[in-house]
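**Student:** Fold the following for me, if possible:
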Amino acid sequence: MAKSFVTGGSGHVGANLVRALLARGVAVKALVRGDAAALEGLDVERVEGDLRDVASLERALAGCDRLYHLAAFVSLRKGDEQQVFDVNVTGTKNVLAAAERTGVARAVCCSSFGAVGKNPNGGPSDETQTLNPFESDLDYDLSKALAEIEVLRAVTRGLDVRIVNPSGIVGAHDYKPSSVGQTILDFANRKMPAYVPGQFEFVAVKDVVAGHLLAMEKGRAGERYILSGGQHTLDQILDHLSALSGVKKPGLRIPVGLMLPIAHVSSFFLRTFAPEKPPRFTPGTIRMLNSGKQADVSKARGELGFAPTPVLDAFTEAYEWFKARRQVPQD
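**Tutor:** Model (predicted):
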């Protein structure tokens, strides 16, 4: 029986992808590190491995003919550059090398819309736009762009691998939770006294999973496919969450010009004195939310048949999932 290998199987996308593969009758082997609550009760073969250790990856990939590489270290702050590079760039290089040596027939690597550059003409960004490293606001985005270079190197060596570039992901089975999921939790639990205006591209996690499956089936080696459901402002999202939860939107809306210096100071203190606590807003995320970058998903629609669902519905699904787990107040 064909078997699929999933790195990052206990992450947000991984937890949803593993469930989708199992529903299709696909045997799944998942690379896990640490807490694997997202896979509890599932018929999944779990293996220990380290993205920095090619030998462990070769052992883990044995017997698999499909690879979904989702594992990443997500950091939106300064100070984590080495770990971001080791996991996201070197880790991608290693897992693809292991895939080549173990005979994996096809692979999909999960990158990020952040690895796509801005359209110099001011329109939506498509897959041809290259990230300008001198204008990159987040080390995470830069690491994903560098990881894509490792994918292309593997393609030149003959590995059949394609790339998907999801925007901000939201939806159910967000166990960690993700930064978007944490925002939902903070809002619903009245831990968000203020916010900064801005907008970003978001996509339902179920659509990201569909995009991975479609890319595996229909994608072309070496190509990237943007996955997004559309741009929404934070005001739209918070108004929607307010209607769902009954919690009032924070009355304090801090202008970007005022919040940027505050974010510089708060990020420094959190990194120095509370490194385990990720900041809600960093200078990089504030600039990202106000960059105006939009996504063009016409390539994914045309080549893969990608059909994104409404983003606000995904926020509802995420909220209801957290509610079912009693992580937000009950009615």
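**Student:** Surely residue 39 touches residue 30?
**Tutor:** Yes. In this structure residue 39 lies within contact range of residue 30 using Cβ atoms under 8 Å: 6.3 Å. Every C-beta, even on glycine, is put in place using the N, C-alpha and C of the backbone.
**Student:** more crowded one of the two?
**Tutor:** A side-by-side neighbour count of residue 39 and residue 30, using other Cβ atoms under 10 Å, places residue 30 first with 28 against 21.
**Student:** residue boundaries of the strands in the stretch 101-250 of the chain?
**Tutor:** Counting by DSSP state E, counting those that start in this stretch, the stretch 101-250 of the chain has strands at residues 106-110, 161-166, 168-170, 194-195, 199-204, 224-227, 230-233.
**Student:** coming back round to it: between residue 39 and residue 30, which contacts overlap?
**Tutor:** Overlap of the contact sets of residue 39 and residue 30 (by Cβ atoms under 8 Å, 6 or more residues apart in numbering) consists of 9-10, 18, 46.
**Student:** so how far is residue 32 from the nearest residue to residue 2 once chain neighbours are set aside?
**Tutor:** Of all residues beyond its chain neighbours, the one nearest residue 2 is residue 65 (5.3 Å), with distances taken as Cβ to Cβ, 6 or more residues apart in numbering. As judged by Cβ to Cβ, to the nearest Å, residue 65 and residue 32 stand 20 Å apart.
**Student:** From the neighbour counts alone, determine which of the two ranks first.
**Tutor:** Here residue 65 and residue 32 are set side by side on neighbour count (other Cβ under 10 Å), and the busier one is residue 32, at 21 against 17.
**Student:** Run through the bridge partners of the more buried one.
**Tutor:** When bridges are assigned using DSSP bridges, the partners listed for residue 32 are residue 48.
**Student:** which residues sit in contact with it?
**Tutor:** Contact partners of residue 32, counting by Cβ under 8 Å, 6+ apart, are 9-10, 39, 46-48.
**Student:** these two touch, right, residue 209 and residue 20?
**Tutor:** Yes. In this structure, residue 209 sits in contact with residue 20. The criterion is Cβ under 8 Å, and the distance is 5.0 Å.
**Student:** between those two, which one's more packed in?
**Tutor:** residue 209 (25 against 15).
**Student:** who's in contact with the more buried one?
**Tutor:** If a contact means Cβ under 8 Å, 6+ apart, then residue 209 has 13, 16-17, 20 as its contacts.
**Student:** Specify the beta-bridge partners of residue 66.
**Tutor:** Here residue 66 sits in beta bridges with residue 4, residue 106, going by DSSP bridges.
**Student:** pretty sure it is touching residue 24, no?
**Tutor:** No. Under the criterion of Cβ under 8 Å, residue 66 lies out of contact with residue 24, with a separation of 11.5 Å.
**Student:** Who has more neighbours out of those two?
**Tutor:** Counted by other Cβ under 10 Å, residue 66 and residue 24 do not tie: residue 66 has more neighbours, with 19 against 10.
**Student:** What's the separation between the more buried one and residue 104?
**Tutor:** Counting by Cβ to Cβ, the gap between residue 66 and residue 104 amounts to 7 Å.
**Student:** so what sits against both of the two?
**Tutor:** The contact lists of residue 66 and residue 104 share residue 5, where a contact means Cβ under 8 Å, 6+ apart.
**Student:** contacting residues around stretch 300-318?
**Tutor:** Counting contacts by Cβ under 8 Å, 6+ apart, the residues outside stretch 300-318 that touch it are 164, 170-172, 174, 180-181, 184, 202-207, 210-211, 214-215, 218-220, 223, 225-230, 232, 236-237, 240-241, 244, 297.
**Student:** Thank you kindly, that will do.
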